[in-house]
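Participant: Let me see the structure of the following:
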Amino acid sequence: MSEQNPKKMSVTQLTLLTAINMMGSGIVMLPTKLAEIGTISILSWVISLCLAYAFAKCGMFSKRPGMGGYAEYAFGKAGNFLANYTYGISLLFANIAIALTCVGYGSELLGISLSPVNVCLSTIVVLWICTSANFMGASITGKFSSLAVWCVVLPVLLLSVIGWFWFNPTMYVDSWNPHHHPFFSAVGSSISMTLWAFLGLESACANSDAVENPQKNVPIAVMGATIGVAIIYIASTNIIAGIVPNTELVKSNAPFGLTFSLMFNSTIGKFVTFLLILSCAGSTLGWQFTIAKVFQQSAVEGFFPKCFAKVNRWGAPVLGMVIIVAIQTCFCFMTISPELFNQFNRLVDLAVVTNIMPYLLSMAAVSVIMKAAGVEPSKAKLYTFVALIGALYSFYALFSTGITEVFYGSLATFFGWTLWGLLAPRFVSDKT
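Facilitator: Next up is the predicted model:
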């Protein structure tokens with residue numbers, strides 16, 4: 001038996017990393033968002049597993065890492081660029097939403113009401129502080145993120161285990177479809193938040209070159225993390241729906257703190273809120289570093305400007321980080337809203353819309369990946385069919401998202417085509 005390479009992650013470590021990236025702060029505002037639709041949203045979780053399964057098979061058979069690598073099989077370098085570009089744009093929006101969550105929980109903890117301008121400025125401050133903390137490299141980022149993730153994992157797991165003692169079946173049933181939406185409309189309305197909650201499932205694919213035996217371990221990590229996180233998501237959000245009345249939950253900026261306050265007392269509720277603030281801060285810090293690394297890698301490949309590839313003595317792409325947080329600052333002012341939750345909702349939808357593009361490119365490339373890997377035809381057809389379901393699910397998510405968000409997300413994607421047109425000549429030889 002060969003010893004594990006100390007520079008490589010084990011399948012357990014990769015699974016945990018993927019699960020942590022998926023949970024991040026995606027779960028923190030999830031109960032409030034899903035309360036708008038009702039507990040009928042549980043049905044949208046099941047279909048999303050098709051995406052995870054298709055990504056698992058991409059990781060098993062692809063020789064090129066990450067969603068950009070998958071897209072390149074069917075769409076060449078242009079597909080690789082568009083996947084990385086739209087993924088990077090998606091993360092810009094997503095991390096603003098995470099920082100906004102930190103502000104929302106902070107205002108609940110301190111018992112203060114912030115004006116829209118103050119919410120915007122506070123979010124910007126959180127983004128700059130978390131970005132600055134990354135200037136000394138991945139070591140500090142990794143240590144704080146590892147500590148911070150337990151601040152969300154422990155309360156959520158505790159709620160999933162003991163919350164049943166406070167669970168009211170009647171309240172849960174009443175929350176099933178409180179606004180009496182048509183069936184497909186209700187399920188469709190929850191899809192964008194479901195995809196937001198699963199943002200990070202591609203982490204295992206992106207880190208395939210850092211794990212032992214990626215053809216075997218990447219699929220295990222993707223499916224293991226997705227199923228585990230889905231169970232935690234479904235259990236915790238549905239338990240809350242049976243503890244907190246829907247009318248209160250839909251207005252809350254800190255749903256988990258509110259739940260623990262009702263289960264125990266306000267002191268414990270505030271302590272849980274404090275833990276989740278640390279979690280959101282850690283998630284913001286970690287994702288800011290991840291965004292910078294995505295831009296750095298794309299710059300090294302020639303897709304993004306070279307300024308994103310420059311690193312300091314600690315290996316941190318500081319210049320790229322500063323440019324990224326400056327762009328996010330502008331986005332904060334663009335998405336300002338009278339209500340914190342509405343702003344969060346808008347950012348989540350923008351993140352999901354732009355992130356669907358690399359999902360679609362990856363799903364469309366599955367059949368080519370299977371053929372290139374010489375997969376048995378019957379199995380290749382099955383994997384392609386599952387990828388098609390994942391693609392249709394993504395299209396339905398676009399259909400169910402707000403027109404404004406789809407419009408701006410489309411503009412960002414179309415701009416990527418223009419950028420590729422400017423970059424393409426460097427990837428074409430004179431003979432071609």
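
Participant: Now L275. Nearest residue, chain neighbours left out?
Facilitator: C151 (4.1 Å; Cβ to Cβ, 6 or more residues apart in numbering). The way it works is simple: take the backbone N, C-alpha and C, and place the C-beta from them, glycine included.

Participant: tell me which element that neighbour falls in.
Facilitator: helix 138-162 (DSSP states H and E).

Participant: Could I get the buried residue list for stretch 159-169?
Facilitator: Across stretch 159-169, burial judged by 16 or more other Cβ atoms under 10 Å covers L159, S160, G163, W166.

Participant: ok, now which ones touch the third one?
Facilitator: It refers to G163. S236, I239, I240, I243, T259, M263 (Cβ atoms under 8 Å, 6 or more residues apart in numbering).

Participant: ok, back up a step: mean confidence score for the helix holding C151?
Facilitator: For helix 138-162, the mean per-residue pLDDT is 77.

Participant: Distance check, T18 against V222.
Facilitator: Distance, T18 to V222, by Cβ to Cβ, to the nearest Å: 7 Å.

Participant: Point to the residue nearest the middle of this structure.
Facilitator: Residue closest to the average C-alpha location in the chain (Cα atoms, centre = their mean): L199, at 2.4 Å.

Participant: What is the neighbour count of the residue nearest to L275?
Facilitator: Under the neighbour criterion other Cβ atoms under 10 Å, C151 is assigned a count of 20.

Participant: again with N265
Facilitator: 10.

Participant: Which pLDDT does the model give it?
Facilitator: 90.

Participant: Leaving aside the residues adjacent along the chain, what's closest to A412?
Facilitator: I89 (5.2 Å).

Participant: Before we move on, what's the pLDDT of that neighbour?
Facilitator: Model confidence at I89, given as pLDDT, is 87.

Participant: who's in contact with it?
Facilitator: T354, A412, G416.

Participant: before we move on, the earlier item: and the helix holding C151, how far out from the chain middle?
Facilitator: 16 Å (Cα atoms, centre = their mean, to the nearest Å).

Participant: got the CA positions of stretch 107-126 in CSV?
Facilitator: Extracted in CSV, the C-alpha atoms of stretch 107-126 (Å, rounded to 0.1, in the frame of the first residue of the first chain):
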residue,chain,number,x,y,z
SER,A,107,-27.4,44.7,13.6
GLU,A,108,-29.7,42.1,15.2
LEU,A,109,-27.0,41.3,17.9
LEU,A,110,-26.6,45.0,18.7
GLY,A,111,-30.3,45.7,18.5
ILE,A,112,-29.8,48.6,16.1
SER,A,113,-31.7,49.6,12.9
LEU,A,114,-29.5,50.6,10.0
SER,A,115,-30.5,52.8,7.2
PRO,A,116,-29.9,51.6,3.6
VAL,A,117,-26.9,53.8,3.3
ASN,A,118,-25.5,52.6,6.6
VAL,A,119,-26.1,49.0,5.5
CYS,A,120,-24.2,49.6,2.3
LEU,A,121,-21.3,51.3,4.0
SER,A,122,-21.1,48.6,6.7
THR,A,123,-21.0,45.9,4.0
ILE,A,124,-18.1,47.8,2.3
VAL,A,125,-16.2,48.0,5.5
VAL,A,126,-16.6,44.3,6.1
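
Participant: would S252 count as being in a strand?
Facilitator: No. Counting by DSSP: H, G, I helix; E, B strand; the rest coil, S252 is located in no strand; its state is coil.

Participant: hang on, isn't it packed against L262?
Facilitator: No. Contact criterion Cβ atoms under 8 Å: S252 and L262 do not qualify, at 10.9 Å.

Participant: shared neighbours of those two, anything?
Facilitator: With contacts defined as Cβ under 8 Å, 6+ apart, the residues shared by S252 and L262 are V244.
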